[in-house]
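Undergrad: Compute the structure for the input listed below.
(6 chains)
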6 protein chains.
Amino acid sequence: MPYVNIRITKEGTTAEQKARLIEGVTNLLKDILGKNPQTTFVIIDEVETDNWGIGGETVTARRQKR
Amino acid sequence: MPYVNIRITKEGTTAEQKARLIEGVTNLLKDILGKNPQTTFVIIDEVETDNWGIGGETVTARRQKR
Amino acid sequence: MPYVNIRITKEGTTAEQKARLIEGVTNLLKDILGKNPQTTFVIIDEVETDNWGIGGETVTARRQKR
Amino acid sequence: MPYVNIRITKEGTTAEQKARLIEGVTNLLKDILGKNPQTTFVIIDEVETDNWGIGGETVTARRQKR
Amino acid sequence: MPYVNIRITKEGTTAEQKARLIEGVTNLLKDILGKNPQTTFVIIDEVETDNWGIGGETVTARRQKR
Amino acid sequence: MPYVNIRITKEGTTAEQKARLIEGVTNLLKDILGKNPQTTFVIIDEVETDNWGIGGETVTARRQKR
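TA: So this is what the prediction gives:
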């Protein structure tokens, strides 16, 4: 009965991409650890780029430099 | 000083229901473990059904089948 | 299909207390929100007092002052 | 490669304050533990006051009493 | 720069299985969302069966019934 | 009433370093956002290097290459 939390920046991920991610992670847990998909939760959190920092700065600031 | 995080799908939970949930969980921690309510945090996250997977598919897809 | 994470300091909570907490929280989610217990997860994390801070100091330091 | 998650109530924190928080926490991890900023993540979650409980009641209710 | 947290019960998962899980999830995020593996974190938490509840009871109790 | 969770690899961080980290983060939240230290929680999770992945491999594997 695994619980998986995926956190990514909120930058236009589609419902179809999320569905593929959920299916893929659930299959990995079944294939590698034998976990039952019916009790596997996958939750995706989409985080604003102002709220995500890496290298001491926000992703918003980092994107503007490129 | 417990920290409790409750994650549910975003499907119309009312402010009154959230308040009851917070009160109930805080009381449980006081009654069972003797924890002080003044330093008990309860945070409720409401997650879009596109972002929650179970059984390898999104809750959105699952709801449509029923 | 709620997911609940309860974080408490590691200070001798018994298996029986944990079982009561899990049962109590699951019942609250059923009674207040109509959630199905069979897909309700409750995970308890016990955290060393050296690793938990409040008021700018560790719980270990705080306990010693009392 | 630390991961830091900061959860605060959603009450008007500015992008500039978030940027300062991200910079400050990243510097602390470099100064105290020698962690590389390039692989230090800081994620800020802003939570509605209806969804945050302390003392058995929501922050919304608590603010109204003051 | 995704962050993934996988929580499973502590029941003998090997280092090799964990390595495969980390590789698999990282590849999924690259293939489906184009995420850079060098800034993809995957953290696995193994939780004691006394501390994990489903259906209102601990996994320990559930395993004993089978 | 902020909640901060710091996750680092388990590689010999001392109690004194953890105490400094807790004090530093609590002060940042007070200085930048005006948050009350008495209701600021900081929890440090130390994660085994077998359980932390970056770049598609475990930190254990990565450390061995250096």
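
Undergrad: right, and residue A:18 touches residue A:44 too?
TA: Yes: in terms of C-beta atoms under 8 Å, residue A:18 counts as a neighbour of residue A:44; the distance is 5.5 Å. Yep, even glycine has a C-beta here, placed from its N, CA and C like the rest.

Undergrad: hey, what's in contact with both of those two?
TA: residue B:51 (C-beta atoms under 8 Å, 6 or more residues apart in numbering or on different chains).

Undergrad: Backbone dihedrals for the residue in chain A positioned nearest to chain B, both of them.
TA: Evaluated by C-beta to the nearest C-beta, chain A has residue A:22 as its residue closest to chain B, separated by 3.1 Å. With angles defined as degrees, to the nearest 10, residue A:22 shows backbone torsions of phi -60, psi -40.

Undergrad: residue contacts, it?
TA: Residues touching residue A:22, when contacts are defined by C-beta under 8 Å, 6+ apart, comprise A:42, A:44, B:53, B:56, B:57, B:58.

Undergrad: ditto for residue A:59
TA: Residue A:59 makes contact with A:9, A:49, A:50, A:52, A:53, E:1 under the criterion C-beta under 8 Å, 6+ apart.

Undergrad: Tell me the secondary structure of the last one, please.
TA: Looking back up the chat, that one is residue E:1. On the three-state scheme (DSSP: H, G, I helix; E, B strand; the rest coil), residue E:1 is labelled coil.

Undergrad: surely it meets residue E:39?
TA: Yes: Residue E:1 is in contact with residue E:39 according to C-beta under 8 Å; the separation is 3.9 Å.

Undergrad: Neighbour count for these two, which is higher?
TA: Counting neighbours by other C-beta atoms under 10 Å in any protein chain shown for residue E:1 and for residue E:39 shows that residue E:1 has the greater number, 21 against 17.

Undergrad: Now residue A:28: closest residue in space, sequence neighbours ignored.
TA: Nearest residue to residue A:28 in three dimensions, chain neighbours excluded: residue E:24, at 4.4 Å (C-beta to C-beta, 6 or more residues apart in numbering or on different chains).

Undergrad: Would you confirm that the one you found contacts residue A:26?
TA: No: counting by C-beta under 8 Å, residue E:24 does not reach residue A:26; the two are 11.5 Å apart.

Undergrad: if you count what's nearby, which of these two comes out ahead?
TA: Under the neighbour definition other C-beta under 10 Å, residue E:24 and residue A:26 were set side by side, and residue A:26 has more, 24 against 19.

Undergrad: what's the nearest residue to the more buried one if we skip its chain neighbours?
TA: residue B:56 (4.0 Å).

Undergrad: Could I get the contacting residues of the closest residue to chain D within chain A?
TA: Among the residues of chain A, residue A:53 lies closest to chain D, at 3.2 Å counting by C-beta to the nearest C-beta. Residues near residue A:53 by C-beta under 8 Å, 6+ apart: A:59, D:19, D:22, D:23, D:25, D:26, D:40, D:41, D:42, D:43, D:44.

Undergrad: Just the pLDDT for residue A:65.
TA: The confidence metric pLDDT takes the value 86 at residue A:65.
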